[in-house]
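Novice: Just to be clear, the model below is a prediction. Sequence and coordinates:
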Amino acid sequence: MCMGKVVVSCPKCKSKIQITRPDSGHPFWSTNKPEKDEGITDIVEQSVECKNQTCASKFLIYWFDK
Ligand SMILES: [Zn+2]
């Protein structure tokens with residue numbers, strides 16, 4: 001298993017989309033923006049486009065460190 005890639009589900013059509021981790025400093029990810037009161041301030045936003053042609057939904061993945 002490659003550590004640099006994760007598979008996420010499109011929030012709309014649930015299609016699986018493989019995305020690449022932006023860097024090793026942000027090992028955790030979420031489709032919901034982490035809250036500042038969780039002590040998470042360093043967040044990288046990555047825009048992802050659904051590969052399903054009939055969906056083509058765009059959404060954000062939030063990468064962060066704890
Ligand atoms: Zn989709």
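Specialist: Now that the structure is in, tell me what you want to look at. Numbers count the residues shown, from 1 in each chain.
Novice: so what's Asn52 up against?
Specialist: Contacts for Asn52 (C-beta atoms under 8 Å, 6 or more residues apart in numbering) come out as 10, 13, 15. (Each C-beta comes from the backbone N, C-alpha and C, glycine too.)
Novice: again, only using 6 Å
Specialist: Applying C-beta atoms under 6 Å, 6 or more residues apart in numbering, we find Asn52 in contact with 13, 15.
Novice: Relative to the ion, how far out is it?
Specialist: According to C-beta to the ion, to the nearest Å, Asn52 stands 4 Å off from the ion.
Novice: can you confirm that residue is in a helix?
Specialist: No. Counting by DSSP: H, G, I helix; E, B strand; the rest coil, Asn52 is located in no helix; its state is coil.
Novice: State the phi and psi torsions of it.
Specialist: phi -70, psi 110 (degrees, to the nearest 10).
Novice: so how far is Pro11 from it?
Specialist: Look at Asn52 and Pro11: by C-beta to C-beta, to the nearest Å, they are 12 Å apart.
Novice: try Phe59
Specialist: Noted for Phe59: a distance of 6 Å to Pro11, by C-beta to C-beta.
Novice: can you check Ser57 too?
Specialist: Ser57 is 7 Å from Pro11, by C-beta to C-beta.
Novice: near the ion, which residues of this structure show up?
Specialist: 10, 12-13, 15, 50, 52, 55, 57 (C-beta under 5 Å from the ion).
Novice: Just the buried ones among the residues you listed, please.
Specialist: Buried members of the residues of the chain next to the ion, counted by 16 or more other C-beta atoms under 10 Å: 10, 50.
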